[in-house]
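> The following block contains a protein sequence and its predicted model.
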Amino acid sequence: DQYALKELKKPVIVDESILKEYAGTYEISPSFTITVTHEPDGLHIQATRQPKVNIYPETNSKFYLKIVEGRIEFERNAANQVERLVLHQNGALMPGKKVK
């Protein structure tokens, strides 16, 4: 199963300073946001009306979920500030601008 394969990947270690930069609220639409929190055990996301879940790094900017098929990719602007995330789920790409 695809989740078991992900478990076999060599863990990627992302510097804490980078993880902290990803924390914030990202607006996918006016009624749907994803809140990213940095906690001692890594990054967590919580979408509107959904439980908080861990996300796991594939690279410094790409993370995956284990409980559902999905990926989160963080994107930076020309000034190297985290500007948005893109949720990859069910074949759709859902960008969300960092609003706080």
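Cool, the structure landed. These figures come from a predicted structure and were not determined experimentally. Numbering: from 1, shown residues only.
> contacting residues around stretch 30-50?
Here stretch 30-50 makes contact (CB atoms under 8 Å, 6 or more residues apart in numbering) with 16, 19-20, 22-28, 52-57, 63, 65, 72, 85, 87, 96, 99. In this view, the C-beta of every residue, glycine as well, is placed from N, C-alpha and C.
> For it, measure first residue to last.
16 Å (CA to CA, to the nearest Å).
> What separation do you get for the residue sitting nearest the centre point of the chain and His44?
By CA atoms, centre = their mean, the chain has its centre lying nearest to Ile72, at 3.9 Å. Shown here: Ile72 relative to His44, a distance of 11 Å by CB to CB, to the nearest Å.
> follow-up on the earlier one: list the buried residues of the strand or helix carrying the residue nearest to the centre of the chain.
Assigned by DSSP states H and E, Ile72 belongs to strand 71-76. Under the neighbour-count criterion of 16 or more other CB atoms under 10 Å, strand 71-76 has 72-74 buried.
> how about low-confidence regions in the protein?
The chain contains residues with pLDDT under 70 at 1-10.
> Sitting in helices, which of the contacts of stretch 30-50 do you find?
Within the contacts of stretch 30-50, residues falling in helices by DSSP state H are 16, 19-20, 22.
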